[in-house]
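heads up, no residue letters with this:
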């Protein structure tokens, strides 16, 4: 297994190299860039000239948009990356690694909680739907699945805010701490602040879970129906085993095997989805910062953020391969 992990890590380095080159090229080819966005008002009012814009572009290292300039800029960025330097954010005027480190934890907490709830809700519902095929329960789960898959994040989040924050007033609509809150600098105040943060995170987590469980429920249902039609399931039923034992002892494990492969992309996709969710709920996590950086053409931060997602994907893929070999003894790593 050790040789397999080393081999996969070497392949992952090559993949990350290709991914970073594509991302850098796309970011450099965007119609907007940081300098033009930052000084657009001054340029329109005549206080800043085109010559000044060119000088600022050269200062930020984005003056040459030719193929040679883009490739040269990429290898310059890659050289810094090899030294552990992601560069300095144009927008936030801090090292990109520092900005990510300071703001990733709230996004990470939302993503982890949403992932756990996603599995706890989607898998039982998917199995229940498959074992009651063509019933009212099955149709209800299917409709719920299609709604979750089809709704855009910003639209569903706006509906949730309208219902639970505006109309009912049960939960806050944005931020992490109430604007009028004033907590004491002691243990009781810390608990109150923590409770306020949890209250503010309910709606973002709810939106993330509802919009992500649809695909997993449908995938679980499809796998369960396929497993229930296998010969060994018919044999287990012919031996007189109870339906509960057939499903949860014999069918359940084989249903879970294909789901292990989904682990590779769930966490990165949730982090990617945080970009819109955090923007709607005004949560200063890494997703919202990345959205702002992308809109303003902050190349170092966009590159750092996308490499962060790429590394998460590589780690997730490696872990899913290892877990696949654990849950399915027929699979041997490195063969």
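Perfect, thanks for sending it. Just so it is clear, the structure is predicted and the values come from calculations on it, not from any experiment.

Look up which helix or strand the residue lying closest to residue 294 once chain neighbours are set aside falls in, please.
Leaving aside its chain neighbours, residue 294 sits nearest to residue 302 (5.5 Å; criterion: C-beta to C-beta, 6 or more residues apart in numbering). Yep, even glycine has a C-beta here, placed from its N, CA and C like the rest. Assigned by DSSP states H and E, residue 302 belongs to helix 299-327.

thinking again about what came up before, residues in contact with the residue nearest to residue 294?
By C-beta atoms under 8 Å, 6 or more residues apart in numbering, the contact set of residue 302 is 23, 27, 290, 293-294.

cool, and residue 23?
Applying C-beta under 8 Å, 6+ apart, the residues contacting residue 23 are 302-303, 306-307.

Name the next helix or strand following the longest helix seen in the chain along the chain.
Counting by DSSP state H, the longest helix found in the chain is helix 187-228. Scanning forward in sequence from helix 187-228 by DSSP H and E, the next helix or strand is helix 231-238.

and that next one, which residues are buried?
Using 16 or more other C-beta atoms under 10 Å as the test for burial, helix 231-238 gives 233, 236.

repeat for stretch 236-252
Neighbour-count burial for stretch 236-252 [16+ other C-beta under 10 Å]: 236, 246-247, 250-251.

Report the two of the residues you listed separated the most.
Using C-beta to C-beta, the two most remote members of the buried residues of stretch 236-252 are 236 and 247, lying 9.7 Å apart.

on that earlier part again, what distance separates the longest helix of the chain from the middle of the whole chain?
Remark: helix 187-228 is offset 13 Å from the chain centroid, using C-alpha atoms, centre = their mean, to the nearest Å.

Show me the domain layout of the protein.
Structural domains assigned to the chain are 13-82, 96-176+204-327, following automatic domain parsing.

so residue 176, which of the three states?
Look at residue 176: counting by DSSP: H, G, I helix; E, B strand; the rest coil, its state is coil.

Please work out how many residues are found near it.
19 (other C-beta atoms under 10 Å).

Contact partners for residue 15?
310, 314.

Give me the distance between it and residue 247.
Distance of residue 15 to residue 247, given as C-beta to C-beta, to the nearest Å: 39 Å.

just flag whichever of the domains of the chain has the lowest average confidence.
Among the domains of the chain, domain 13-82 carries the lowest mean pLDDT, at a mean of 74.

Let me know the distance separating residue 155 from residue 172.
On the measure of C-beta to C-beta, residue 155 and residue 172 end up 20 Å apart.

ok, those two, which is more surrounded?
The neighbour comparison of residue 155 against residue 172 (other C-beta under 10 Å) goes to residue 172, with 20 against 11.

in a helix, that's where the more buried one is, yeah?
No: counting by three-state DSSP, residue 172 falls outside a helix, being coil.

ok, how many other residues are close to residue 283?
Considering only other C-beta under 10 Å, residue 283 is surrounded by 21 other residues.

Please disregard the earlier target; I meant residue 75.
By other C-beta under 10 Å, 12 other residues sit near residue 75.

before we move on, what about residue 136?
8.

Look up how far residue 314 lies from it.
Distance from residue 136 to residue 314, by C-beta to C-beta: 43 Å.

Equivalent analysis for residue 152, please.
Per C-beta to C-beta, residue 152 is found 29 Å from residue 314.

same question, residue 226
29 Å.

for residue 299, same thing?
Residue 299 is 22 Å from residue 314, by C-beta to C-beta.

These two: which has the busier surroundings?
Higher neighbour count among residue 299 and residue 314: residue 299, with 25 against 20, using other C-beta under 10 Å.

For the closest residue to the more buried one other than its chain neighbours, list the residues it contacts.
Leaving aside its sequence neighbours, residue 299 sits nearest to residue 27 (C-beta to C-beta, 6+ apart; 5.3 Å). Shown in contact with residue 27 (C-beta under 8 Å, 6+ apart): 297, 299, 302-303.

and which of the residues you listed is nearest to residue 128?
Checking the contacts of residue 27 against residue 128 with C-beta to C-beta, the nearest one is residue 302 at 42.1 Å.

Roughly how far does that closest one sit from residue 89?
Look at residue 302 and residue 89: by C-beta to C-beta, they are 9 Å apart.

ok, now residue 223?
Using C-beta to C-beta, residue 223 is found at 43 Å from residue 89.

Kindly report the same for residue 16.
Relative to residue 89, residue 16 is positioned 21 Å away (criterion: C-beta to C-beta).

Looking at these two now, which is surrounded by more residues?
Neighbours per residue (other C-beta under 10 Å) separate residue 16 from residue 89, with residue 89 holding more: 24 against 16.

can you pull the contacts of the closest residue to the more buried one other than its chain neighbours?
Spatially, and ignoring its direct neighbours in sequence, residue 89 is nearest to residue 301 (4.3 Å; C-beta to C-beta, 6+ apart). Applying C-beta under 8 Å, 6+ apart to residue 301 gives the contacts 89-92, 96, 99, 289-290, 293.

swap in residue 11?
Counted by C-beta under 8 Å, 6+ apart, residue 11 has zero contacts.

So it belongs to a helix, correct?
Yes: Residue 11: assigned to a helix according to three-state DSSP.
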